[in-house]
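# What would the 3D arrangement of this be:
(2 chains)
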Amino acid sequence: MGLYEWLLVFHVTGAFFLIGGVVIAGLLNASAIVVDRPPSQVATLFGLIRFALPLIGIGMLFTLAFGLWLVHEAPWNYGYGETWVIVALVLWALAGWLGSVDGRYQRGTGELAARLAAAGDAPSAELNARLRNVRALAISYGSGLAAFAVLGIMIWKPGA
Amino acid sequence: MLAAIRPDSFNLPLFLHVLGATLTFGTTATVAILGFAGTRADPERSLWLRGLAFKIAFFVLVPAFIVMRAAAQWIVGKEYPGSTKTPGWVDVGFIVTEPGALLIIVLLVLAFLASRRPAFRAAVAVPWLATIYLVALGVAWFAMTGKPGS
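I've put the predicted structure just below:
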């Protein structure tokens, strides 16, 4: 295996970590929303999302760093100014920005659920409203969709 | 220049294959996380977490696995038609997905039983089977991308 193949291995590993982490967070988040749950269960599910965060962080780093290196090393004369590279970078940045906005909101929701669980675990309209906030859900799932869109860009490479 | 990489007709099956593989990875990891969390929780919470692990395995992992495997067969059929010999890195994919399907079936059966019986001792095997499959998926994506020996 040469340098190009090793770079591809680390780039794809980053993609698996990033999208895998997004899937973990998305599934745990969706599990908290699809049915009305007591705050203690919501707190448990949001607490488990922490295991996805290192995967997403490493995935973001690896996809970008090894991706940019791959553009330089690939034997097909790719350039950093090509449409598919620019679109992928914009979507990557959008996914990261939306993800960080969503992360702050979800952390607040998890903390509220934990407080409510400690205070008797009674159902809460405030918690339900936060869990089903349309704007927050759009940001959350928009971040995930941007990551999936990068995957499509990597395969079709429009303009290459 | 793109023709040097792969024909356009390979893009859709490749996208579906990678999409299915990443979804399979994320879902398997979720099942492992819920399963391990279930082993450390009180009996009531443990049963709920195990039930959630089973539902996610049944409703998300199985479809993701099918997309990954069917798209793999589609692209192999295009790239190595008929009785053309497949390279070792493709065979690694078959080795991971075919016994992998059996592992997922066992995982589903155990996860179902674990979600119904509070005292089901084999419940602890569910997150470990998921973890083993995560490692196998890692081996497969290394072989698929690095193509060692080719």
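# State the phi and psi torsions of residue B:82.
Backbone torsions for residue B:82, taken as degrees, to the nearest 10, come to phi 60, psi -130.
# host element of the residue nearest the centre of chain A?
The residue lying closest to the centre of chain A (CA atoms, centre = their mean) is residue A:22, at 3.8 Å. Per DSSP states H and E: residue A:22 is located in helix A:3-33.
# how about stretch B:129-138 as PDB, C-alpha atoms only?
Provided in PDB are the C-alpha atoms of stretch B:129-138 (Å, rounded to 0.1, in the frame of the first residue of the first chain):
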ATOM      1  CA  LEU B 129     -21.700  -9.200  19.600                       C
ATOM      2  CA  ALA B 130     -22.300  -5.600  18.300                       C
ATOM      3  CA  THR B 131     -18.700  -4.700  19.300                       C
ATOM      4  CA  ILE B 132     -17.300  -7.700  17.500                       C
ATOM      5  CA  TYR B 133     -19.200  -6.700  14.400                       C
ATOM      6  CA  LEU B 134     -17.900  -3.100  14.700                       C
ATOM      7  CA  VAL B 135     -14.400  -4.500  14.600                       C
ATOM      8  CA  ALA B 136     -15.300  -6.700  11.500                       C
ATOM      9  CA  LEU B 137     -16.700  -3.600   9.800                       C
ATOM     10  CA  GLY B 138     -13.400  -1.800  10.500                       C
END
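# contact partners of it?
A:13, A:16, B:21, B:24-25, B:28-29, B:31-32, B:35, B:96, B:100, B:103-104, B:106-107, B:110 (CB atoms under 8 Å, 6 or more residues apart in numbering or on different chains). In this view, the C-beta of every residue, glycine as well, is placed from N, C-alpha and C.
# Going by neighbour count, which residues of it are buried?
For stretch B:129-138, a neighbour-count test (16 or more other CB atoms under 10 Å in any protein chain shown) marks B:129-134, B:136-137 as buried.
# Which of the residues you listed fall within strands?
Using DSSP state E, no member of those sits in strands.
# Assign the residue of chain A positioned farthest from its centre to helix, strand or coil.
Going by CA atoms, centre = their mean, the residue of chain A most distant from its centre is residue A:120, 32.5 Å out. Following DSSP: H, G, I helix; E, B strand; the rest coil, residue A:120 is assigned to coil.
# And it, how far from residue A:40?
As judged by CB to CB, to the nearest Å, residue A:120 and residue A:40 stand 10 Å apart.
# what do you get for residue A:11?
40 Å.
# what's near enough to touch the residue nearest the centre of chain B?
Centroid-nearest residue in chain B, with CA atoms, centre = their mean: residue B:24, separated by 4.4 Å. For residue B:24, the contacting residues are B:61, B:64-65, B:68, B:137, by CB under 8 Å, 6+ apart.
# Name the nearest residue to the residue in chain B that chain A sits nearest to, sequence neighbours excluded.
Nearest to chain A in chain B, going by CB to the nearest CB, is residue B:26, at a distance of 2.5 Å. Leaving out its chain neighbours, the residue that sits closest to residue B:26 by CB to CB, 6 or more residues apart in numbering or on different chains is residue A:23, at 2.5 Å.
# now residue A:63
residue A:14 (4.0 Å).
# again, but for residue B:54
residue B:111 is the one closest to residue B:54 (CB to CB, 6+ apart), at 3.9 Å.
# Which of the contacts of stretch B:129-138 fall within helices?
Secondary structure from DSSP state H places A:13, A:16, B:21, B:24-25, B:28-29, B:31-32, B:35, B:96, B:100, B:103-104, B:106-107, B:110 of the contacts of stretch B:129-138 in helices.
# confidence score at the residue of chain B closest to chain A?
With respect to pLDDT, residue B:26 scores 97.
# Equivalent analysis for residue B:150, please.
So, for residue B:150, pLDDT stands at 69.
# do the same with residue B:10
pLDDT for residue B:10: 87.
# swap in residue A:91?
Residue A:91 carries a pLDDT value of 95.
# which residues does it contact?
A:146-147, A:149-150, A:153.
# what does chain B put close to chain A?
B:1-2, B:4-5, B:11, B:14-15, B:18-19, B:21-23, B:25-27, B:29-30, B:33-34, B:37, B:41, B:45, B:48-49, B:52, B:56, B:60, B:137-138, B:141-142, B:144-148 (CB under 8 Å from any CB of the partner chain).
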